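Student: Below is the structure, and that's it, no one-letter string:
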């Protein structure tokens with residue numbers, strides 16, 4: 001084969017930590033005739049609908065066209081909040097010369113990685129194996145059978161044209177070598193993708209994970225490792241649960257230190273609330289400005305749990321501000337949550353968010369402007385680019401009322417600036433995370449409006465995404481897409497519904513979670529334990545993806561393990577508990593070796609190690625407020641095995657309330673550990689003692 005097809009991505013590729021940057025909007029690029037993406041429900045694909053490249057969506061018809069024309073498939077994978085994806089679009093896909101080469105020699109297929117994570121996972125595995133790194137945009141050349149024979153990420157225009165020429169020449173002159181390469185890559189990836197042997201995530205693994213994390217902890221700055229720093233949401237949840245179960249001071253130190261450092265730095269939006277995707281530096285000063293639903297949903301839950309563990313006012317404030325951001329900036333008209341806000345505004349990263357001292361003074365006046373600049377770390381030299389600064393809040397303001405007024409004025413002024421675009425597709429999995437975060441925050445922080453938002457979101461997702469008894473991955477503007485849900489959609493949505501059931505006492509959420517979990521058990525289970533990412537009746541790719549570790553969100557396997565465990569605790573189902581244990585063991589090797597990539601596995605394992613702490617609160621129909629102190633007391637338990645049920649004695653559909661009468665006509669709490677129950681109690685102090 002040509003040497004042009006054996007080398008890795010060119011030196012022009014961006015650094016790994018820049019490949020997930022952002023620039024997006026609903027407007028399509030270019031001025032040409034719309035291609036075959038015009039009817040897509042994906043904002044990312046719609047951005048490319050006017051490219052001169054004749055893109056089409058992933059489909060059997062696309063590969064049939066490649067066979068008929070006897071040409072390779074050019075697969076381009078990205079997402080709407082991806083800066084380098086759009087750099088490549090501007091440089092190459094909007095260029096008539098590049099488009100002529102692509103259209104003449106290839107079938108061009110565009111994939112939104114957030115809408116089709118299965119396709120992304122399969123070809124990202126190939127890209128990483130062949131080049132040593134991954135990222136987006138992902139650029140792969142496939143045989144008409146879908147087998148990859150050359151992969152890379154971002155290619156500058158001239159390099160891309162050279163690559164197109166080399167691939168076309170190899171396809172014409174070295175066909176047998178190309179097909180042999182594609183077949184051997186596919187076979188090898190199937191071999192290396194085999195699941196590791198099961199490893200129970202036991203006490204030794206959990207304690208070892210804390211020790212390993214402590215060795216990687218940045219005591220001076222919070223977080224783990226060096227730059228860039230990503231919010232370790234699931235690791236923080238694990239550490240809080242470990243502390244709740246064991247009292248570990250090391251676990252709490254890492255969780256508290258990281259949460260405070262993130263919340264006081266520039267990665268947190270000090271005016272509007274919510275977290276950016278990551279910090280490009282080790283001090284959390286300069287963010288990559290995109291805001292993702294999955295990050296904020298998980299961090300909302302973490303900060304609410306930190307407040308429960310420590311009573312931290314900072315944790316409470318950040319949780320509430322993050323929830324406010326989600327509702328204000330990511331809420332859709334239908335009542336669910338959009339996927340992301342862009343990092344770029346009008347092509348400039350951070351334009352909406354950064355400030356100079358002069359800009360502060362222009363809004364606040366010279367005295368308040370100077371005072372705000374000192375508080376927020378805004379300097380004449382700047383902490384970002386062109387003398388502008390991100391906003392930090394390294395100390396609490398001496399005058400909270402003054403700061404509240406200043407914050408409101410600055411946020412209002414910022415609202416008059418150009419705003420980042422929004423990727424408004426609704427993803428099942430990420431909305432499940434939002435439902436869980438809002439539900440927990442509502443009960444722990446005493447904010448019923450957050451619970452109302454969680455109920456509305458759950459109603460919208462189930463009404464829109466549940467089609468003929470099976471979940472779909474995503475929708476936009478109320479129209480559901482064709483892509484089937486993957487495993488993390490099932491696991492994270494079930495997790496959210498189980499949290500919502502506990503927060504509301506409504507049995508319909510428990511029943512719906514049961515149905516979703518059982519569909520996952522029936523269609524995603526792998527031989528020997530654990531789960532595949534795609535269903536057994538999903539479209540066949542050249543390999544069936546199976547994620548072992550967590551990344552920016554829980555893997556499907558660990559997400560479902562958590563839902564299975566919680567469902568078992570709420571219902572007493574031994575079969576679901578056994579399935580949870582098997583799923584945990586299937587991810588045990590990764591969690592033990594690299595706990596930073598097994599945070600949710602470890603968090604779920606903490607709940608399993610603690611054993612179920614079941615608190616059932618029986619109350620009469622007219623005793624809702626009378627029962628509130630008992631319910632609030634139950635929610636303050638730090639046990640990672642806690643599950644809560646409440647309602648009328650014997651309420652249909654709530655197993656923990658069966659045979660649980662009131663005592664002396666008063667609201668009554670029943671506390672059970674591992675299905676061994678204490679005597680019922682009716683007072684708060686008695687319940688506190690029972691939970692201690």
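Tutor: Looks like it arrived, so ask away. Computed from a predicted model, the values in this text were never measured in an experiment.

Student: Look up the closest residue to residue 390, ignoring the ones flanking it.
Tutor: Distances taken as CB to CB, 6 or more residues apart in numbering put residue 266 closest to residue 390, at 3.2 Å, once the chain neighbours are dropped. To be clear about C-beta, it is placed using only N, CA and C from the backbone, and glycine gets the same treatment.

Student: That neighbour: neighbouring residues, count only.
Tutor: Using other CB atoms under 10 Å, residue 266 is surrounded by 29 other residues.

Student: Could you check how far it is from residue 241?
Tutor: To residue 241, residue 266 is 29 Å away according to CB to CB, to the nearest Å.

Student: what helix or strand does the residue nearest the centre of the chain sit in?
Tutor: In the chain, the C-alpha nearest the mean C-alpha coordinate belongs to residue 294, at 3.2 Å (CA atoms, centre = their mean). Using DSSP states H and E, residue 294 sits within helix 293-310.

Student: can you give me how far that helix is from the chain middle?
Tutor: 13 Å (CA atoms, centre = their mean, to the nearest Å).

Student: Counting by contacts, list what the helix or strand just after it packs against.
Tutor: Next helix or strand after helix 293-310 toward the C-terminus (DSSP H and E): helix 313-325. With contacts taken as 3 or more CB pairs under 8 Å, 6 or more residues apart in numbering; DSSP states H and E, helix 313-325 sits against helix 249-264, helix 293-310, helix 428-445.

Student: Please enumerate the strands of the stretch 351-500 of the chain.
Tutor: For the stretch 351-500 of the chain, the strands defined by DSSP state E, counting those that start in this stretch cover 422-423, 426-427, 466-467, 470-471, 474-476, 479-480.

Student: which outside residues touch the longest one?
Tutor: Right, strand 474-476. Contacts of strand 474-476 with the rest of the structure, by CB atoms under 8 Å, 6 or more residues apart in numbering, involve 41-43, 114-115, 336, 424-428, 464-465, 480-481, 483.

Student: got it, and stretch 271-278?
Tutor: 17, 20, 22, 228-231, 262, 267-269, 287-292, 295-296, 299, 318, 321-326, 328-329, 343, 391, 407, 410-411, 414.

Student: JSON lines please, covering the helices and strands packed on helix 313-325 and showing mean pLDDT.
Tutor: Output for the helices and strands packed on helix 313-325, formatted as JSON lines (pLDDT from 0 to 100):
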{"stretch": "helix 249-264", "mean pLDDT": "98"}
{"stretch": "helix 293-310", "mean pLDDT": "98"}
{"stretch": "helix 428-445", "mean pLDDT": "98"}
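
Student: Ranking those helices by mean neighbour count, which comes first?
Tutor: The highest mean neighbour count among these, using mean count of other CB atoms under 10 Å, belongs to helix 428-445: a mean of 28.

Student: What are the contacting residues of stretch 314-324?
Tutor: 259-260, 263, 268, 272-275, 296, 299-300, 303-304, 306-307, 396, 437-438, 441, 445, 447, 450, 453.

Student: which parts of it are buried?
Tutor: 314, 315, 316, 318, 319, 320, 321, 322, 323, 324 (16 or more other CB atoms under 10 Å).

Student: so can I have TSV of the residues you listed showing pLDDT and distance to residue 594?
Tutor: Formatted as TSV, the buried residues of stretch 314-324 follow (pLDDT from 0 to 100; distance: CB to CB, whole Å):
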residue	pLDDT	distance to residue 594
314	98	30
315	98	27
316	98	32
318	98	28
319	98	28
320	98	33
321	98	32
322	98	27
323	98	31
324	98	34
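
Student: and which of those residues is nearest residue 138?
Tutor: Relative to residue 138, the closest of those is residue 322; by CB to CB it sits at 30.3 Å.

Student: Could you find the closest non-adjacent residue to that closest one?
Tutor: Nearest one to residue 322, counting by CB to CB, 6+ apart, is residue 300 at 4.7 Å.

Student: where's that neighbour relative to residue 658, distance?
Tutor: Distance from residue 300 to residue 658, by CB to CB: 33 Å.

Student: repeat for residue 323
Tutor: Relative to residue 658, and taking CB to CB, residue 323 is found at 34 Å.

Student: Can you get me a residue count around residue 593?
Tutor: Quick note: residue 593 (other CB under 10 Å) scores 16 neighbours.

Student: Let me see the confidence value for it.
Tutor: Predicted confidence (pLDDT) for residue 593: 95.

Student: quick one, what contacts it?
Tutor: Residue 593 neighbours (CB under 8 Å, 6+ apart): none.

Student: Swap in 10 Å and give it another go.
Tutor: By CB atoms under 10 Å, 6 or more residues apart in numbering, residue 593 lies in contact with 196, 199, 205, 208, 209, 212, 549.

Student: Tell me the confidence at the residue lying closest to the first one once chain neighbours are set aside?
Tutor: Yep, that's residue 196 we're talking about. Sequence neighbours aside, residue 589 is the residue nearest to residue 196 in space, at 4.2 Å (criterion: CB to CB, 6+ apart). For residue 589, the pLDDT comes out at 95.

Student: Quick one: classify residue 589 as helix, strand or coil.
Tutor: For residue 589, the assignment made with DSSP: H, G, I helix; E, B strand; the rest coil gives helix.

Student: Verify the contact between the residue nearest to the centre of the chain and residue 436 for me.
Tutor: No - contact criterion CB atoms under 10 Å: residue 294 and residue 436 do not qualify, at 11.4 Å.

Student: picking up where we left off before, now distance to residue 351 too, for the buried residues of stretch 314-324, in CSV please.
Tutor: Listed next are these as CSV, based on distance: CB to CB, whole Å:
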residue, distance to residue 351
314, 28
315, 30
316, 31
318, 24
319, 28
320, 27
321, 22
322, 22
323, 26
324, 22
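
Student: Check the residues you listed against residue 281 and report the nearest one.
Tutor: The closest of the buried residues of stretch 314-324 to residue 281 turns out to be residue 318 (CB to CB; 20.2 Å).
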